[in-house]
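[1] make a model of this:
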Amino acid sequence: MLNHVLTVVDLLDSPGTSGEALAEHLRSYRAPGAEITVTVVEGDKGSTDFVRVFLPGTAGRASGGSARTLGIIGRLGGVGARPELIGYVSDGDGAAAALSAAAKLLQMAARGDVLPGDVVITTHVTGWAPTQPHDPVPFMDSPVDILTMNLHEVDEAMEAVLSIDTTKGNRTINHRGIAISPTVKSGYILRPSEDLVGVAETVTGRSAVIFPLATQDITPYGNDLHHLNSILQPAVATEAPVVGVAITTAVPVAGCATGASHEVDIELAARFAVETAKYFGAGSLSFFDEDQFAHLTSLYGSAAHLQTLGNVEV
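    Below you'll find the predicted structure:
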């Protein structure tokens, strides 16, 4: 996996980086049935390239099978903050991990190791993104708003979602490597998935690190509430369970910082995503307990209002 990470980061670390450059690299694996598309979207602060990779499984939904579809989303504002800063920024790690996972899965399929379920990987690529103030350290901003990102990155085919994002600009997590969130579904923060805890421990060789979430963190951007970052923003746009995969540091590091990425940590996140895809499509991994969720909603009703902007005066 580290080979894939090094190649992807090298492609991203350029003022001329583009979604098409990454798509061309991914297409070079010639995985049977794979679909790799790029959509250029203009925003108020520039443009970005959305990359979507669809990889069919042997028993996936697309071919009429019953194996479940995993979504892997690389969340970020941008992989570069030019012209303000020169070079690849820390916030690009989510895109790098998702694209590296895509490269690995495509290579596996080309070699004959095809997973049971379909996998959809999405992210966006821009080397010219703005920055924005944030406490305790600055964030990367995006050329497009979060609604547009969710529109292009949250696919209706996704039956569960891993949202990979650099999560270094905080004092909540003091661990370097990766950490996973509790499962978020339909406005509820559920208990962490035991299955995903097991995958994290297998991948890292250490005790799994679970990062805490506040209710504010799972509400949409734009409501003037403080958010840890955008890692759980896909959860406001789907009824599927979402788990954040955070690439973390022991001290606060700005998302717009250059020279701050650790390829071995990106590799952990990408490998975690690939291993999750194997077990999820095979039906041997769950993001949440369906019976417990049904009982929770029968007792307390829907929490879907937390997926909206709430009582906003128009």
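
[2] G71 pairs with what?
    V120, V161 (DSSP bridges).

[3] from S286, how far out is it?
    15 Å (C-beta to C-beta, to the nearest Å). Every C-beta, even on glycine, is put in place using the N, C-alpha and C of the backbone.

[4] please name the nearest non-neighbouring residue to D217.
    L228 (4.7 Å; C-beta to C-beta, 6 or more residues apart in numbering).

[5] what's the answer for G177, then?
    D265 (5.6 Å).

[6] residues contacting the helix or strand of the chain with the lowest mean pLDDT, please?
    Each helix and strand of the chain was given a mean pLDDT (mean pLDDT, DSSP states H and E); the minimum falls on strand 139-140 at a mean of 83. If you take C-beta atoms under 8 Å, 6 or more residues apart in numbering as the criterion, strand 139-140 is touched by 76-78, 81, 89, 91, 129-133, 169, 229, 254-256.

[7] thinking again about what came up before, what's the following helix or strand after the helix or strand the residue nearest to G177 falls within?
    Secondary-structure assignment from DSSP states H and E places D265 in helix 263-281. Once helix 263-281 ends, the next helix or strand along the chain (criterion: DSSP H and E) is helix 290-300.

[8] next, the buried residues of that next one.
    F293, L296, T297 (16 or more other C-beta atoms under 10 Å).

[9] about what we covered before: elements contacting the helix holding D265?
    When contacts are defined as 3 or more C-beta pairs under 8 Å, 6 or more residues apart in numbering; DSSP states H and E, helix 263-281 packs onto helix 2-12, strand 70-75, helix 93-111, strand 160-166, strand 177-180, helix 194-204, strand 242-248.

[10] quick one, it and helix 93-111 angle?
    Helix 263-281 runs at 60 degrees relative to helix 93-111, counting by axes from the mean of the first three to the mean of the last three C-alpha atoms, to 10 degrees.

[11] return the set of buried residues in helix 263-281.
    Quick answer for helix 263-281 (16+ other C-beta under 10 Å): 265-281.

[12] could you do stretch 169-185 as well?
    169-170, 172-173, 176-185.

[13] circling back: tell me how far the least confident helix or strand of the chain is from the chain's mean position?
    16 Å (C-alpha atoms, centre = their mean, to the nearest Å).

[14] again with stretch 44-52
    16 Å.

[15] average model confidence for that stretch?
    Mean pLDDT, stretch 44-52: 93.

[16] now stretch 89-107
    98.

[17] before we move on, what about stretch 247-261?
    95.

[18] measure that stretch end to end?
    With C-alpha to C-alpha, to the nearest Å as the measure, stretch 247-261 spans 9 Å from end to end.

[19] report the buried residues of that stretch.
    I247, T248, T249, P252, V253, A254, G255, C256, A257, T258, A260, S261.

[20] for the residues you listed, give me TSV that also has distance to L151 and secondary structure.
    Below are the buried residues of stretch 247-261 laid out as TSV (distance: C-beta to C-beta, whole Å; DSSP: H, G, I helix; E, B strand; the rest coil):
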residue	distance to L151	secondary structure
I247	24	strand
T248	28	strand
T249	30	coil
P252	31	coil
V253	29	coil
A254	27	coil
G255	22	coil
C256	24	coil
A257	29	coil
T258	29	strand
A260	29	coil
S261	27	coil
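
[21] in a markdown table, list the residues you listed along with distance to T58.
    What follows is those, written out as a markdown table (distance: C-beta to C-beta, whole Å):
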| residue | distance to T58 |
| --- | --- |
| I247 | 31 |
| T248 | 35 |
| T249 | 39 |
| P252 | 44 |
| V253 | 41 |
| A254 | 43 |
| G255 | 38 |
| C256 | 42 |
| A257 | 42 |
| T258 | 42 |
| A260 | 40 |
| S261 | 35 |
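
[22] out of those, which is nearest to D165?
    I247 (7.2 Å; C-beta to C-beta).

[23] contacting residues for L213?
    S181, P182, V184, I189, L228, L232.

[24] what about the closest residue in space to the third one that isn't next to it in sequence, neighbour count?
    Spelled out, it's V184. What sits nearest to V184 in space, not counting adjacent residues and going by C-beta to C-beta, 6+ apart, is A235, at 4.3 Å. By the criterion of other C-beta atoms under 10 Å, A235 has 32 neighbours.
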